[in-house]
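Visitor: Please work out how this folds:
(one chain, ligands or ions: 1)
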Amino acid sequence: MKRLEYHEFSSFLIAMSQKLSTTDHSRDIAGLKYVYPVISRRAGGLSIGINFNTNNACNWRCVYCQVPDLLRGSAPEMDFQLLEQELIFFLNKVLTGDFYQQYEVPEQYRAIKDIAISGNGEPTSLKGFEQAIELIGKIAAEMHVLPKSKFVLITNGSLMHHAQVQAGLKCFNEYGGQVWFKLDSATALGRKKINNSKQSTEKMLDNLKISTELCETSLQTCMLDFLTAKNAEQERQAYIEMLQKNELKVKQVMLYTLARPSLQPEAKQLKKADARMMRLFADRLIQLGYSVSVAV
Ligand code: SF4
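Guide: Numbering: from 1, shown residues only. Below is the predicted model:
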């Protein structure tokens, strides 16, 4: 897509006439490079997404990933000036402009629920991650969006050991940021199969501890009918044992399953996890003292 210059934003958006519903998760619906709106049923309103990975590059390749043409790699260099312009422009459009009318957003969803750093790849791979967090936090606070709305970082957590990521998380915490840390499997084999990640369990736990020490952190766990039934029960048991053995200061465990089709070659082998099994698993985690949410 052609990159829009600041003075072009307004006329471009006004020219668009489209409905934004809870089923539309297109990241270029607003025609901006970094900022995209999502009407989120989960959040109950508008989620303002920020995509650092405009090159569709991630250091993992999860079998359920919905990023089109996913590549292995890091986020490209950030155009900080453009990010600033887009965010100010877009927040103004929502706060004092006609965003909700233009996109025919249903009344009950007309509130900014969160700013979510969630892109087409792993956001903490951005060079200048701390600077980007500071910029987004400052603008959102000055425009009184924070701390009223949530500030969320959706991450696979694999780069938490890097000093620049930790510096970014310290800054994120100052703006009340919450980390959603991806943990789909407690076993190295499970993560290899699901995330195509070679990270050891020890390293994953070290990274999770770093995250919990720097920011409020929740686990997000995608449950799939992908592994064999035997492995699936072993996986659930390993997850429970991991939580039992380690004192993890996680705020919540968020269990979810496939909501939209994967764009990976394994797509046809994946099925949504059984809702009853997910609720039973949630009950086991609740018994350990964790707060758990289930999205089926
Ligand atoms: S970590 Fe996220 S962006 Fe990366 S491959 Fe997995 S689902 Fe896709």
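Visitor: who's in contact with the nearest residue to Leu32 once chain neighbours are set aside?
Guide: Leaving aside its sequence neighbours, Leu32 sits nearest to Glu86 (C-beta to C-beta, 6 or more residues apart in numbering; 4.7 Å). For every residue, glycine as well, the C-beta is placed using N, CA and C. Glu86 makes contacts with Phe9, Leu32, Lys33, Tyr34, Val35, as judged by C-beta atoms under 8 Å, 6 or more residues apart in numbering.
Visitor: CA atoms of the helix or strand hosting Cys171 as CSV?
Guide: Assigned by DSSP states H and E, Cys171 falls within helix 163-174. C-alpha atoms of helix 163-174 as CSV (Å, rounded to 0.1, in the frame of the first residue of the first chain):
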residue,chain,number,x,y,z
ALA,A,163,18.6,-4.9,27.7
GLN,A,164,16.7,-2.7,25.2
VAL,A,165,13.5,-4.7,25.6
GLN,A,166,13.8,-4.5,29.4
ALA,A,167,14.3,-0.7,29.1
GLY,A,168,11.2,-0.5,27.0
LEU,A,169,9.2,-2.6,29.6
LYS,A,170,10.3,-0.3,32.4
CYS,A,171,9.0,2.7,30.5
PHE,A,172,5.8,0.7,29.5
ASN,A,173,5.2,0.0,33.2
GLU,A,174,5.4,3.7,34.0
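Visitor: other SSEs contacting that helix?
Guide: The contact analysis (3 or more C-beta pairs under 8 Å, 6 or more residues apart in numbering; DSSP states H and E) places helix 163-174 against helix 129-142, strand 150-155, helix 201-214.
Visitor: tell me the angle the shortest one makes with helix 129-142.
Guide: Here strand 150-155 runs at an angle of 160 degrees relative to helix 129-142 (axes from the mean of the first three to the mean of the last three C-alpha atoms, to 10 degrees).
Visitor: In its sheet, which strands sit next to strand 150-155, and in what direction?
Guide: Sheet pairing of strand 150-155 (DSSP bridges) gives strand 112-117 (parallel), strand 178-182 (parallel).
Visitor: Tell me which of those strands sits nearest to the ligand.
Guide: The ligand lies closest to strand 178-182 among the strands paired with strand 150-155, at 5.9 Å (C-beta to the nearest ligand atom).
Visitor: between the closest one and helix 163-174, how big is the angle?
Guide: Put simply, strand 178-182 runs at 130 degrees to helix 163-174, going by the same axes, to 10 degrees.
Visitor: Outside of strand 178-182 itself, list whatever touches it.
Guide: So strand 178-182 is in contact with 150-157, 169, 172, 195, 208, 211, 215-222, 250-251, 254, going by C-beta under 8 Å, 6+ apart.
Visitor: just the buried members of these?
Guide: Burial by neighbour count, judged by 16 or more other C-beta atoms under 10 Å, picks out 150-157, 169, 172, 195, 208, 211, 215-222, 250-251, 254 from the contacts of strand 178-182.
Visitor: now the angle from the helix or strand containing Ile48 to helix 129-142?
Guide: Ile48 is part of strand 45-50, with elements assigned from DSSP H and E. Between strand 45-50 and helix 129-142, the angle comes out at 140 degrees (the same axes, to 10 degrees).
Visitor: Give me the sheet partners of strand 45-50 and which way each runs.
Guide: Partner strands for strand 45-50, per DSSP bridges, with pairing direction: strand 35-40 (antiparallel), strand 112-117 (parallel).
Visitor: Just after that strand, pick out the following helix or strand.
Guide: Next helix or strand after strand 45-50 toward the C-terminus (DSSP H and E): strand 57-58.
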